[in-house]
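Chemist: one predicted model, sequence on top.
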Amino acid sequence: MDKKPHIVFIGAGNMASSIIGGLVASGYPASLISASAPSQEHLDALSTKYQINTTQNNHSVAAEADILVLAVKPQILQAVCTDLASPLNDKNPLIISIAAGVETPHIEQWLGKTLPIIRCMPNTPALVSQGASGLFANAQVSAEQRQQADEIFQSIGVTQWITLEDQMHGITALSGSGPAYFFLMMEALEDAAVKTGIPRETARKLGIQTVLGAAEMAKQSELEPAQLKRNVMSPGGTTERAIQSFEDGGIRAIFATAVSAAANRSKELAELLGKQ
Ligand SMILES: NC(=O)C1=CN([C@@H]2O[C@H](COP(=O)(O)OP(=O)(O)OC[C@H]3O[C@@H](n4cnc5c(N)ncnc54)[C@H](OP(=O)(O)O)[C@@H]3O)[C@@H](O)[C@H]2O)C=CC1
Ligand SMILES: O=C(O)[C@@H]1CCC=N1
């Protein structure tokens with residue numbers, strides 16, 4: 001980026017904080033990051049931690065944005081966008097919405113005009129620069145804006161662009177919600193290990209490192225996860241027993257059902273919110 005854009009966040013919750021934290025950690029100037037939300041307490045926490053600009057006034061800050069990140073709950077996005085229509089009347093910032101299940105035509109309709117809009121589905125590991133973001137650009141987004149968005153989200157992890165907005169439901173179910181699946185597995189693995197007699201602290205430390213090590217290995221290896229799994233399974237050994245137990249318990253069906261439940265909820269949200 002030659003001249004870095006002023007990035008304004010509407011909403012200062014979990015996800016905005018994660019992205020802001022990742023951006024600042026990657027060296028993005030805090031003076032070029034602003035956030036707006038109702039809670040002064042949340043804003044103070046953000047400005048103390050990251051030295052970014054904060055305000056409770058969506059209008060004033062939105063009018064200064066080169067890039068406006070909509071980081072509020074999907075259910076209030078319509079009200080927030082409708083309210084921003086007037087301050088954006090003579091402005092043309094790049095809009096980036098991270099709201100689950102809200103489609104770009106609805107955002108355009110609520111903002112009252114055609115605008116460059118990118119839909120992004122990030123995830124909370126952005127806070128430690130290990131995010132995974134799926135992105136979709138509408139037809140108004142220029143190559144330069146696409147590049148700017150890509151650089152922002154690459155500074156907090158990995159990016160993947162999709163060409164069909166409909167695929168965002170699957171991305172949401174995969175990587176948007178995904179960190180929670182692995183935290184659940186860490187909880188379950190730790191509890192199970194403690195039941196074998198291991199101290200909790202030991203179980204947590206080794207459990208987390210095992211997840212991290214497996215992910216790093218899968219990332220670096222040319223082998224597919226299925227082969228990496230087989231490489232751990234000595235014939236007649238311990239892993240084989242555990243994997244057989246997972247398979248007997250229907251782990252693949254459990255994953256398929258859960259991921260499709262999340263994708264279906266994203267579709268439901270899109271239908272519900274589009275009808276408001
Ligand atoms: N959490 C996640 O893992 C992910 C979330 N998302 C999406 O990110 C979005 C935000 O989620 P998340 O951060 O978890 O939610 P949070 O509830 O943590 O944050 C929502 C933020 O919106 C603020 N807000 C509420 N009303 C307004 C308003 N009128 N104007 C400005 N700000 C307002 C809240 O203010 P206050 O601080 O005062 O409460 C809060 O800071 C959602 O749309 C979600 O779908 C996407 C990917 C992953
Ligand atoms: O649970 C949610 O709806 C949001 C979207 C993806 C992750 N959190």
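Modeler: Nice, I can see it. Ligands and ions are numbered 1, 2, ... in the order given.
Chemist: so which bits of the least confident helix or strand in the chain by mean pLDDT are buried?
Modeler: Using mean pLDDT, DSSP states H and E, the weakest-scoring helix or strand in the chain turns out to be helix 14-25, at a mean of 89. Within helix 14-25, the residues that count as buried by 16 or more other CB atoms under 10 Å are Met15, Ala16, Ser17, Ser18, Ile19, Ile20, Gly21, Gly22, Leu23, Val24. (Glycine included, C-beta is placed from N, CA and C.)
Chemist: from memory the third one sits against Ser47, does it?
Modeler: Translated: Ser17. No. At 11.4 Å, Ser17 does not count as touching Ser47 under the criterion of CB atoms under 8 Å.
Chemist: who's in contact with the nearest residue to Gly131 once chain neighbours are set aside?
Modeler: Counting by CB to CB, 6 or more residues apart in numbering, Gly157 is the residue found nearest to Gly131 once chain neighbours are left out, at 3.1 Å. Applying CB atoms under 8 Å, 6 or more residues apart in numbering, we find Gly157 in contact with Gly22, Pro122, Pro125, Ala126, Ser129, Gln130, Gly131, Ala132, Ser133.
Chemist: kindly list the main-chain dihedrals of Gly157?
Modeler: Summarising the backbone geometry of Gly157 under the convention degrees, to the nearest 10, its torsions are phi 140, psi -140.
Chemist: measure it to Glu108 for me?
Modeler: Going from Gly157 to Glu108 by CB to CB, to the nearest Å gives 27 Å.
Chemist: domain-wise, how is the chain divided?
Modeler: In terms of domains, the chain is parsed into 7-170, 178-262 (source: automatic domain parsing).
Chemist: of the ones you listed, which is nearest Gly274?
Modeler: Within the domains of the chain, the stretch nearest Gly274 is domain 7-170; the backing value is 5.1 Å (CB to CB).
Chemist: what about the closest one and ligand 1, any contact?
Modeler: Yes. Using CB under 6 Å from any ligand atom as the criterion, contacts between domain 7-170 and ligand 1 involve 10-16, 36-39, 42, 58, 71-74, 76, 80, 98-100, 121-124.
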